[in-house]
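> Quick one, fold the following:
(one chain, ligands or ions: 1)
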Amino acid sequence: MRYLRVALAGLLALSGHVLFAQHCGTVEYIKHLDEKYPGLMKHVDDMYLQSIQETEQKSLYKLAPHDTLFTVDVVFHVVYLQNNQNIPDSLILDQLAVLNEAFNRLNADTVNTRDIFKPVAGNARIKFRFANVDPDGNPTNGITRTQSNRSTFNTNNNATTTDYVKQSAEGGHDAWDTKKYLNIWICNLNLQNGQRALFGYAYPPVGATFWSSTYYKSDPFQGVVLHYETIGRNNPSFLSDQLYTNEKTAIHEVGHYFGLRHVWGDANWGQNGCLVDDYIFDTPNTYTRASGCDKSLNTCSTDNLPDQVENYMDYSSAVCSNMFTQRQVDVMRYNMVNLRSELPSSEYVGPVRTVAEGNYLFPNPVADHWSVAFDDPINEEVTVELYDMLGRMVYQAQVVANNYTAELPVAGVSIGMYRAIVTSAEHGVIVDTNILKAQ
Ligand SMILES: [Zn+2]
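Alright, predicted model coming up:
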């Protein structure tokens with residue numbers, strides 16, 4: 001299986017098939033540099049691994065509480081040569097709706113998330129709205145339109161020319177303050193011969209732990225670039241949802257923009273992809289990128305889980321992808337708070353609900369012991385961890401669950417508000433909620 005997939009990937013790469021290369025140039029750009037500067041990619045991977053280990057040690061991504069809704073102002077810059085590239089507002093409106101559904105787990109196709117992954121599906125609680133004031137203080141509808149003399153911004157599949165779309169002097173449109181707005185440029189990313197090659201790309205936040213500094217770009221280049229044929233579910237280009245990522249490309253690229261990596265970890269040609277991870281606990285190890293929607297894939301025997309082709313950070317088609325995981329949400333929210341802190345307005349919306357409806361901790365507030373109630377029987381050891389409001393773990397215990405409940409002694413814990421996370425080896429996160437220790 002493993003060798004078959006390597007051979008297949010090589011074949012597709014050589015033929016330049018659109019299914020292989022269509023999607024996202026975020027990592028390909030670095031690989032392009034690697035051809036010019038041999039060894040760069042290994043350096044990037046080494047840095048990546050080192051930074052991940054540091055992250056794990058510090059448990060960084062448990063530090064951003066989940067009890068707020070972030071709202072982000074978005075500006076779309078439409079840059080076009082031909083009229084069909086000057087896509088109508090209706091497509092952009094629909095694209096914004098797609099983003100809002102995905103980042104609040106309100107998308108209708110959550111029902112297609114396989115049961116094995118439902119317990120780890122995450123709600124990012126990020127809302128996107130059209131900017132209504134431009135950087136000069138004038139009213140705006142959040143969409144700019146620029147006629148360009150460039151027929152495409154993808155002349156040779158690298159980010160130097162595609163980034164021209166972010167520069168007025170190069171036929172594009174300068175970014176609005178990238179600390180205050182999410183800039184999304186929409187343009188033609190087909191090759192000059194009209195072949196589809198790239199659907200979008202984005203740079204991670206500067207300082208993002210899951211990326212080496214090789215990926216960092218200065219403020220005027222921060223944001224997301226999308227190919228005009230991917231925008232909106234009602235796009236007249238009618239690219240097959242069975243084959244292409246279409247309107248879900250934007251979700252994937254905004255995921256990069258908040259610091260997520262591809263689920264397969266971007267293994268290089270010749271590397272064993274099962275040894276290269278994205279270091280997100282709840283995305284199973286995956287040999288390489290998926291395409292289409294093959295739910296039979298289980299490309300790495302290092303775990304007992306199938307490949308999570310439902311994940312937005314894979315290359316699965318639009319009919320397939322429908323979820324972020326909770327750890328991916330942790331990373332995005334951590335990066336929002338720490339690396340894109342001026343971007344959102346924050347609104348307290350209360351504790352995160354329990355992971356599976358029916359799992360909960362009681363009583364709340366508590367005196368000396370909690371009980372965890374499970375919707376389905378659990379008979380294994382569960383771990384409970386309590387974090388204070390600064391994100392420090394202040395309590396950890398293991399107890400064996402008995403069918404529908406587990407009893408947790410917490411008499412020694414100080415009075416205060418805590419985030420409680422209950423996990424087990426088999427079920428992953430069972431409860432993630434805020435609780436009050438009253439006496
Ligand atoms: Zn990508």
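> Now do stretch 167-180: distance to the chain's middle.
Centroid separation for stretch 167-180 versus its chain: 24 Å, with C-alpha atoms, centre = their mean, to the nearest Å.
> now do stretch 263-272
Counting by C-alpha atoms, centre = their mean, stretch 263-272 comes out at 18 Å from the chain centroid.
> Return the set of buried residues in it.
Neighbour-count burial for stretch 263-272 flags 263-267, 271 (criterion: 16 or more other C-beta atoms under 10 Å). Every residue, glycine included, has its C-beta placed from N, CA and C.
> again, but for stretch 219-232
221-232.
> still on that earlier bit, could you export the buried residues of stretch 263-272 as JSON lines, including distance to residue 252 and secondary structure?
Shown next, in JSON lines, are the buried residues of stretch 263-272 (distance: C-beta to C-beta, whole Å; DSSP: H, G, I helix; E, B strand; the rest coil):
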{"residue": "263", "distance to residue 252": "11", "secondary structure": "coil"}
{"residue": "264", "distance to residue 252": "13", "secondary structure": "coil"}
{"residue": "265", "distance to residue 252": "15", "secondary structure": "coil"}
{"residue": "266", "distance to residue 252": "14", "secondary structure": "coil"}
{"residue": "267", "distance to residue 252": "18", "secondary structure": "coil"}
{"residue": "271", "distance to residue 252": "22", "secondary structure": "coil"}
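> Can you tell me which of those is closest to the ion?
Here the nearest of the buried residues of stretch 263-272 to the ion, counting by C-beta to the ion, is residue 266; it sits at 8.9 Å.
> From what I see, the closest one and residue 27 are in contact.
Yes. Residue 266 is within contact range of residue 27, at 4.9 Å (criterion: C-beta atoms under 8 Å).
> quick one on the thing from earlier: okay, the buried residues of stretch 263-272 in CSV with pLDDT next?
Compiled in CSV, these are given as follows (pLDDT from 0 to 100):
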residue, pLDDT
263, 93
264, 90
265, 88
266, 85
267, 80
271, 80
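> quick one: which of those is nearest residue 96?
Residue 96 lies nearest to residue 263 out of the buried residues of stretch 263-272, by C-beta to C-beta, at 24.9 Å.
> which ones are touching that closest one?
278, 280, 283, 286, 308, 311, 313-314 (C-beta atoms under 8 Å, 6 or more residues apart in numbering).
> try it again with 7 Å
278, 283, 286, 308, 311, 313-314 (C-beta atoms under 7 Å, 6 or more residues apart in numbering).
> Most neighbours among those residues, please name it.
With neighbours taken as other C-beta atoms under 10 Å, the top of the contacts of residue 263 is residue 311, carrying 32 neighbours.
> Apart from its neighbours in sequence, what residue is nearest that one?
Closest residue to residue 311 apart from its sequence neighbours, by C-beta to C-beta, 6 or more residues apart in numbering: residue 263 at 5.0 Å.
> for the stretch 1-150 of the chain, what spans make up the strands?
Per DSSP state E, counting those that start in this stretch, the stretch 1-150 of the chain carries strands over the ranges 68-80, 121-122, 126-130, 143-147.
> From the contact counts, what lies against the shortest one?
In this case it means strand 121-122. Strand 121-122 sits against strand 324-325, helix 326-339, with contacts defined as 3 or more C-beta pairs under 7 Å, 6 or more residues apart in numbering; DSSP states H and E.
> Mean pLDDT, distance to the ion and mean neighbour count added to the ones you listed, as JSON lines?
Output for these, formatted as JSON lines (pLDDT from 0 to 100; distance: least, C-beta to the ion, whole Å; neighbours: other C-beta atoms under 10 Å):
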{"stretch": "strand 324-325", "mean pLDDT": "94", "distance to the ion": "14", "mean neighbour count": "28"}
{"stretch": "helix 326-339", "mean pLDDT": "90", "distance to the ion": "13", "mean neighbour count": "23"}
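> Show me the subset of the contacts of residue 263 that also lies near the ion.
By C-beta under 5 Å from the ion, no member of those lies near the ion.
> mind putting those residues in a markdown table, pLDDT and distance to residue 77 included?
Output for those, formatted as a markdown table (pLDDT from 0 to 100; distance: C-beta to C-beta, whole Å):
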| residue | pLDDT | distance to residue 77 |
| --- | --- | --- |
| 278 | 83 | 30 |
| 283 | 89 | 32 |
| 286 | 89 | 34 |
| 308 | 96 | 33 |
| 311 | 98 | 28 |
| 313 | 96 | 24 |
| 314 | 95 | 27 |
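> Would you reformat the residues you listed as CSV and include secondary structure and distance to residue 422?
CSV is the format used below for these (DSSP: H, G, I helix; E, B strand; the rest coil; distance: C-beta to C-beta, whole Å):
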residue, secondary structure, distance to residue 422
278, coil, 24
283, coil, 20
286, coil, 27
308, coil, 22
311, strand, 23
313, coil, 26
314, coil, 28
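> just those residues now: which is nearest residue 292?
Checking these one by one against residue 292 (C-beta to C-beta), the nearest turns out to be residue 314, at 10.8 Å.
> List the contacts of residue 182.
72, 74, 223, 343.
> Which of those ranks first by neighbour count?
Top of the contacts of residue 182 by neighbour count (other C-beta under 10 Å): residue 223, with 25 neighbours.
> what about that residue, distance to residue 245?
Distance of residue 223 to residue 245, given as C-beta to C-beta, to the nearest Å: 19 Å.
> What's opposite the closest residue to the ion within the stretch 1-150 of the chain in the beta bridge?
The minimum distance from the stretch 1-150 of the chain to the ion, using C-beta to the ion, falls at residue 24 (3.0 Å). With DSSP bridges as the criterion, residue 24 is bridged to residue 200.
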